[in-house]
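[1] sequence isn't available, so here's the structure alone:
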């Protein structure tokens, strides 16, 4: 955790009334963030195991017997998370179940703990990336343009999206996303020529 020079702390306490108690409050906030991550790790395992049961033959049979019809989106909505964070929690649960030591290594390596940070740590083979290289890569590959289409627009089970990055790369390139973009451009040309 960040430490403040005692002389600086006294100087601030004596000259800025609002600073009094700020460092104790800062410690409370940092501790709460670390505790939040620990709770998220425990919850992610429960979510993962529940999701595995729900997808299993046993789970499907039990749901059918109870007369409950539920899509993956409905199941996700039970937890109250958006799709991306739900997936991250499920992935963290998988790691917690299979490689809990990786989570311990991550906790030992950083004070700024997050679900996404832990997943990146494990993906990088336990190597925490430097803040400088993260900020360099973030500035090197910012999103310049985004295109997305909902599943309804494509009359498909899943939507599509494309992102043009500042480094020239395009993420999300597949047949469905290209088809969706072509469909949009054709409609735009019709409207322009009308």
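    Everything's here; your move. Predicted model only: the values in this text are computed from it and were never measured.
[2] check which helix or strand covers the residue nearest the centre of the chain.
    Note on the chain: the residue nearest the mean C-alpha position is residue 85, at 4.5 Å, using C-alpha atoms, centre = their mean. Under the assignment given by DSSP states H and E, the secondary-structure element containing residue 85 is helix 83-98.
[3] tell me the mean pLDDT for that helix?
    With pLDDT averaged residue by residue, helix 83-98 scores 88.
[4] neighbouring contacts of it?
    Outside helix 83-98, the residues that touch it by C-beta atoms under 8 Å, 6 or more residues apart in numbering are 40-41, 43-49, 51, 76, 79, 81, 102-103, 115-116, 118-119, 122. Where you see a C-beta, it was placed from the backbone N, CA and C, and this is true even at glycine.
[5] now the very next helix or strand once past that helix: buried residues?
    Stepping forward along the backbone from helix 83-98, the first helix or strand reached (DSSP H and E) is helix 100-109. Along helix 100-109, these residues count as buried under the neighbour rule (16 or more other C-beta atoms under 10 Å): 102-103, 106-107.
[6] angle of the following helix or strand past helix 100-109 against helix 100-109?
    Beyond helix 100-109 on the C-terminal side, the first helix or strand identified by DSSP H and E is helix 115-123. Angle between the axes of helix 115-123 and helix 100-109 is 110 degrees (criterion: axes from the mean of the first three to the mean of the last three C-alpha atoms, to 10 degrees).
[7] can you list the domain ranges for the protein.
    Recorded structural domains for the chain (assignment: automatic domain parsing) are 1-129, 141-194.
[8] state the mean pLDDT of the biggest helix by length in the chain.
    Taking DSSP state H as the criterion, the chain has its longest helix at helix 22-55. The average pLDDT for helix 22-55 rounds to 79.
[9] quick one: it to helix 115-123, angle?
    Interaxial angle of helix 22-55 relative to helix 115-123 (the same axes, to 10 degrees): 70 degrees.
[10] next, the buried residues of helix 22-55.
    Of the residues in helix 22-55, those with enough neighbours to count as buried (16+ other C-beta under 10 Å) are 37, 40-41, 43-45, 47-48, 50-51, 54.
[11] where does the chain have low pLDDT?
    Regions of the chain meeting the criterion pLDDT under 70 cover residues 1-5, 8-9, 12, 19, 29-34, 126-141.
[12] can you rerun that using 90?
    Within the chain, the segments meeting pLDDT under 90 span 1-56, 58-87, 89-90, 92-93, 95-194.
[13] ends of stretch 52-70, what's the gap?
    The straight-line separation of the ends of stretch 52-70 (C-alpha to C-alpha, to the nearest Å) is 14 Å.
[14] residues in contact with it?
    If you take C-beta under 8 Å, 6+ apart as the criterion, stretch 52-70 is touched by residue 75.
[15] enumerate the positions of it that are buried.
    By neighbour count with 16+ other C-beta under 10 Å, stretch 52-70 contains the buried residues residue 54.
[16] now stretch 168-182
    Along stretch 168-182, the positions that meet the burial threshold by neighbour count (16+ other C-beta under 10 Å) are 176-177, 180-181.
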